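J.: from the sequence below, what's the structure:
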Amino acid sequence: MTHNLEEILSKISSIIDKKNSIPKGYVELEDIMMADSEQDPLYDKKPFKEINAYNLDDIKHLKMDIESSLFGVDGSSKSVVDTNEFAILMCRIVGTNLKKRYISEYISFAYLENEKEYVLEHYFIRGMRLFDDGKIGNFDAYDTRYTFKGKRADPKEIASILRKFGEWKIVEKIMEEEENAIIIKDGGLHSTVKEESHLINEVIKKQRDNLFAGLIKNNLLITTTGRNLIYDAMIYVESKYEYKRWLFGEIAIGKYDIHPAKIFIAKFHESSRPYRIDIPKSLEKDNVIELINAISLYTNDSDFLGYPYILVMADRESNIKDHEIIKYKNALLYKSKKLREMDKLFEDIHKMLWKM
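T.: Sure, this is the predicted structure:
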């Protein structure tokens, strides 16, 4: 390592360490709260000192058959062919527990109909039919939710929206067919996409005797210190309590339909990191604790301590392998001369360079 590189790394490390040190003179630890827009606040929130922490080790285990009741929901998508004009993805959505599986596979096709609008279409392959074949909707190619610095949206991003829709449709199916289901979905209960936000709120209305939550692996919310919400919550809880496994919240409540949820932080295992958990606003405190307790019973797998194993299962079963999309790609390339030309034109140059 050169002397110059050592200096660079030392400078970066000092900035990070300073940023993540306990704040002094700026705000007391217990007065920290989740940050939000001052112009149009999305949440009702309060400082940490007014928020409860629950010891998960004090909660009695549920008497219900968790193996049959607890479902994990996740989805994946993989490009068959994508260019700057259109994208064809294979998508797989899975809702699973230790005894039963819900699955849906489909082709998602997004193409630029004119320079201002994408058309999103769906074609069913196997499993549960979640949508009618054909057009799902039109999306503004310059919508700021999908663009970067005003550029036109990536068609692959538009095509992947259908995977998100599919995850909520699977949650809905489980709720319709199962009694007293406990469902944990990969990802939050929020969306700025109008159609997905509508789906989220419709699912919540159909909740009945079922419990469900969303687990967020990559939390983007920060606190008034400018640090990650999960980090500050962990520092606060573990400085005040001796709990090994805990639930902290509710930290904030969404005010609008784009995030109809209460926000919690949960640490399921003493040797793991905490996660942000989104729970429907309508759920009472006792049901929230019951839900978190049920999830925590399946977070002791040695492969991924502190992470719900049922979500590990859903991720593995939904994951699309490279060899699975080859048959679709070859068939499409065989049928379309233009597609063969464009596939060659938009071949990933990075992959070719990395092989050299």
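
J.: phi, psi of the nearest residue in space to Lys164 that is not next to it in sequence?
T.: Excluding its sequence neighbours, the residue lying closest to Lys164 (C-beta to C-beta, 6 or more residues apart in numbering) is Glu196, at 5.5 Å. (Glycine included, C-beta is placed from N, CA and C.) Torsion angles at Glu196 (phi, psi; degrees, to the nearest 10) stand at phi -70, psi -40.

J.: which residues touch Glu196?
T.: 161, 164-165, 168 (C-beta atoms under 8 Å, 6 or more residues apart in numbering).

J.: now with 10 Å?
T.: Neighbouring residues of Glu196 by C-beta atoms under 10 Å, 6 or more residues apart in numbering: 161, 164-165, 167-168, 190, 258.

J.: average pLDDT across the lengthiest helix in the chain?
T.: In terms of residue count, the longest helix belonging to the chain (DSSP state H) is helix 155-177. Helix 155-177 shows a mean pLDDT of 93 in the predicted model.

J.: next one: stretch 31-44
T.: If you average the pLDDT values across stretch 31-44, you get 86.

J.: what about it, start to end distance?
T.: 15 Å (C-alpha to C-alpha, to the nearest Å).

J.: could you do stretch 133-148 as well?
T.: With C-alpha to C-alpha as the measure, the ends of stretch 133-148 fall 30 Å from one another.

J.: for the longest helix of the chain, C-alpha coordinates in PDB please.
T.: The C-alpha trace of helix 155-177 is given here as PDB (Å, rounded to 0.1, in the frame of the first residue of the first chain):
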ATOM      1  CA  PRO A 155     -37.200   0.100 -20.000                       C
ATOM      2  CA  LYS A 156     -35.800  -2.600 -17.700                       C
ATOM      3  CA  GLU A 157     -36.800  -0.600 -14.700                       C
ATOM      4  CA  ILE A 158     -40.400  -0.300 -16.100                       C
ATOM      5  CA  ALA A 159     -40.600  -4.000 -16.800                       C
ATOM      6  CA  SER A 160     -39.500  -4.800 -13.300                       C
ATOM      7  CA  ILE A 161     -42.500  -2.900 -11.800                       C
ATOM      8  CA  LEU A 162     -44.600  -6.000 -12.600                       C
ATOM      9  CA  ARG A 163     -42.600  -8.100 -10.200                       C
ATOM     10  CA  LYS A 164     -43.500  -5.700  -7.400                       C
ATOM     11  CA  PHE A 165     -47.200  -5.900  -8.400                       C
ATOM     12  CA  GLY A 166     -46.900  -9.700  -8.400                       C
ATOM     13  CA  GLU A 167     -45.500  -9.800  -4.900                       C
ATOM     14  CA  TRP A 168     -48.600  -7.900  -3.600                       C
ATOM     15  CA  LYS A 169     -50.900 -10.200  -5.600                       C
ATOM     16  CA  ILE A 170     -49.300 -13.200  -4.000                       C
ATOM     17  CA  VAL A 171     -49.800 -11.700  -0.500                       C
ATOM     18  CA  GLU A 172     -53.400 -11.100  -1.500                       C
ATOM     19  CA  LYS A 173     -53.800 -14.700  -2.600                       C
ATOM     20  CA  ILE A 174     -52.400 -16.100   0.600                       C
ATOM     21  CA  MET A 175     -54.800 -13.900   2.600                       C
ATOM     22  CA  GLU A 176     -57.800 -15.100   0.600                       C
ATOM     23  CA  GLU A 177     -56.900 -18.800   0.900                       C
END
